[in-house]
Structure formats: structure tokens, C-alpha cells
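Engineer: Sharing a model that was predicted from the sequence below.
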Amino acid sequence: MTETRREYCQLETFSPRCPSHDDVIVIKSATFGRMRVGRCIDADSLTDSLRDTLGCQADVIDYVSGQCSGQTSCDIFIPNRELLNFRPCSNQLTMYLEAAYSCLSGYPVRSVLIQMQIFFLSNQILFTLTFRSPIEAQRKHEHVYFVSLSETKTSR
């Protein structure tokens, strides 16, 4: 399993692709901000005052993984509203995405579990599972399960 790690600068698109349709993307890490001088931040362009802005960053693996993991390909334009909502740095500063991913043998997922709640009742356990479709990011659906000592009920 080869890992691909790279910086994605302003006005670029993070576009992981798996070479085989039998493989899916697994996001290993994702950070958004101004981590260091590199491909996206040129050392020669940094004034002394801007040098102090390096190091502001946010871990965005949950967002990037939610968009791409389990798919054969995806696209995230830099910057986008969701990444900017993390606000790791001052809004006036140019930020970039650093991401790493691998391709694993598998099939694209149709839904991603985004929340699980467990409630313990007197003689039952209530599970609620909320899923999101990676293709339709705003569409969510919930499954509720009741587990009791005497019987099992499922509802949607």
C-alpha cells in the first residue's frame, strides 16, 4: 500500500485517484493552514512579520475523509468554505492543504457513519446510527435499534 503525501496550494484541487476500480481511497492525514515553508509558501516571499504566521493549522482529517474515503476518486478545491470554517489562521493569510492517502482493495461505500449514540434504558439499549451519503453530502438518514433482553426491534 503506497502512501501519497503532498501539499495542495491555493487555487489547486486535491484530487486523489485510485488506479483500479477495485480500490478505494483511505485518507491517512489532512491538515489545513500555514504549516511550514515549502511548495505553497516560498521562503523568499516571507517578510519577518509573515514568518511569525507559520505554524497555524487545523486537523481536517474528518472533513477530508468524509469527502473522499471509500471512494475511487474525489475533488476538493483549495480553498473551500468548509476548510475555511476551521479558521486555523487569520483570514488574510493564504492557507493550503497537506494531505496523505492510500488506495486499498475494496468497493466504494454508499454511506458513511457520521454519528452513533447509545442510550441505556431500564431494560433496553437504544442505538441511533446516523449515516451520510458521500455523493449527496447534505442527505442524512438515521437508523434506530432497540435491544432488550427478551426481544429485538428495529425501526427506520
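Structural biologist: Yep, it's here.
Engineer: In a strand, residue 67, correct?
Structural biologist: No. Under DSSP: H, G, I helix; E, B strand; the rest coil, residue 67 falls outside any strand and is assigned helix.
Engineer: I figured it hits residue 74, correct?
Structural biologist: Yes. Judged on Cβ atoms under 8 Å, residue 67 makes contact with residue 74 at a distance of 5.5 Å. Any C-beta I mention is one placed from the backbone N, CA and C, and that applies to glycine too.
Engineer: Among these two, which residue is more densely surrounded?
Structural biologist: Per other Cβ atoms under 10 Å, whichever of residue 67 and residue 74 has more neighbours is residue 67, with 22 against 19.
Engineer: quick one: that one from residue 76, how far?
Structural biologist: Residue 67 is 6 Å from residue 76, where distance means Cβ to Cβ, to the nearest Å.
Engineer: Test my guess that residue 68 contacts residue 24.
Structural biologist: No. Contact criterion Cβ under 8 Å: residue 68 and residue 24 do not qualify, at 9.3 Å.
Engineer: Compare those two (neighbour count), which wins?
Structural biologist: The neighbour comparison of residue 68 against residue 24 (other Cβ under 10 Å) goes to residue 68, with 24 against 21.
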